[in-house]
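# what follows is a predicted protein model with its sequence.
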Amino acid sequence: MKKTYAIDELYAINPKLEHTYENGVLTIRNFFENPEDVYDHITSRQYPMWKYSTERKTPNGTVYNDCRITDKIGHPTRTSINENERILDLCRQYWWKGEYDYQMIHEFNCFQTITNFDTKLQHYPHIDSSFITPDNVSTLNMLVYMDKEASGGTAVYKGEWITNMEHMGVLYEVEKDFEVDYIIPAEFNTCVIFTGNKLHGAWIDDYSKYCEENWRYSYVRFFIPRTKKDGNWSD
């Protein structure tokens, strides 16, 4: 039987957002008010493959499954906007103080290994703002870890070089070219927010946790400071 759901109710966040800020990372535990409902929602559906094309051969679908759910919020409500503002009010304590732009979508990265169990291979590092962007005006990356295996988290790397070829293969022997600065640990229903001007990527400690029936899930959102005018940073 087909089921319906109210978007604002399913994705409601905790009425009380208790947070910590350390090493440039804002952490909010117990983020979703009803995390088990969100978990059931994402684990009971199909996942479209990400950066996949039948016109080129990639490891996606043979070495691993790399998928992304992207649900557009067709009719944003005042409730959904206010929920985002609650998050942004925390961000304003540490980064850009003004307005932010963001997409009205609910998005999940979904990853599962098929044949790769070598932890030397990790997700290709990338940036979401240029290296020269100051922290206080950088795009902010928000992740909510939503799998119960919670193996690894998000690696932040030292360095200022990247040629991102993840469309040809998301896994890369990262420590051959990059030094891990620190790893943000994954924890179910924990939200982390950090600046996108640093090399970062998903990190898995044990690939056997994400095979067969188990997947790695992370809810993703980007907050972009409304700052750039005529090529100059403005207040």
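Thanks, I have the structure now.
# so where is the protein shaky, pLDDT-wise?
Applying pLDDT under 70 to the chain flags residues 1, 164-167, 228-235.
# show me which positions of the helix ranked longest in the chain end up buried.
Criterion DSSP state H: the longest helix present in the chain is helix 78-91. Applying a neighbour-count criterion of 16 or more other Cβ atoms under 10 Å, the buried positions in helix 78-91 are 80, 84, 87-88, 90-91. Bear in mind the C-beta positions are built from the backbone N, C-alpha and C, glycine included.
# what is the subsequent helix or strand relative to that helix?
Next helix or strand after helix 78-91 toward the C-terminus (DSSP states H and E): strand 100-101.
# what strands flank that next one, and is each parallel or antiparallel?
Partners of strand 100-101 in the sheet, by DSSP bridges, are strand 216-225 (antiparallel).
# chain center to the strand it pairs with: distance?
On the basis of Cα atoms, centre = their mean, to the nearest Å, strand 216-225 sits 4 Å off its chain's mean C-alpha point.
# and if you look at stretch 206-213?
That offset, for stretch 206-213, works out to 19 Å (Cα atoms, centre = their mean).
# okay, it in PDB with CA atoms only?
Provided in PDB are the C-alpha atoms of stretch 206-213 (Å, rounded to 0.1, in the frame of the first residue of the first chain):
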ATOM      1  CA  ASP A 206      35.600  -0.600   8.100                       C
ATOM      2  CA  TYR A 207      34.100  -1.200   4.600                       C
ATOM      3  CA  SER A 208      32.600  -4.500   5.800                       C
ATOM      4  CA  LYS A 209      30.100  -2.400   7.800                       C
ATOM      5  CA  TYR A 210      28.700  -1.100   4.500                       C
ATOM      6  CA  CYS A 211      28.000  -4.100   2.300                       C
ATOM      7  CA  GLU A 212      25.200  -6.400   1.300                       C
ATOM      8  CA  GLU A 213      22.200  -4.900   3.200                       C
END
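# buried set for it?
So stretch 206-213, judged by 16+ other Cβ under 10 Å, has buried residues 207, 209-211.
# return the member of the residues you listed nearest to residue 76.
Lowest distance from residue 76 to the buried residues of stretch 206-213 (Cβ to Cβ) belongs to residue 210, with 32.6 Å.
# now do the contacts for the residue nearest to the closest one when sequence neighbours are not counted.
The shortest distance from residue 210 to any non-neighbouring residue, by Cβ to Cβ, 6 or more residues apart in numbering, is to residue 216 (4.8 Å). The contact partners of residue 216, taken as Cβ atoms under 8 Å, 6 or more residues apart in numbering, are 109-112, 147, 149, 151, 202, 204, 209-210.
# what about the residues you listed, which are in helices?
Among the contacts of residue 216, no member falls in helices (DSSP H).
# let me have those residues in JSON lines, adding distance to residue 58 as columns.
Converted to JSON lines, those look like this (distance: Cβ to Cβ, whole Å):
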{"residue": "109", "distance to residue 58": "16"}
{"residue": "110", "distance to residue 58": "16"}
{"residue": "111", "distance to residue 58": "14"}
{"residue": "112", "distance to residue 58": "15"}
{"residue": "147", "distance to residue 58": "23"}
{"residue": "149", "distance to residue 58": "25"}
{"residue": "151", "distance to residue 58": "24"}
{"residue": "202", "distance to residue 58": "17"}
{"residue": "204", "distance to residue 58": "19"}
{"residue": "209", "distance to residue 58": "23"}
{"residue": "210", "distance to residue 58": "18"}
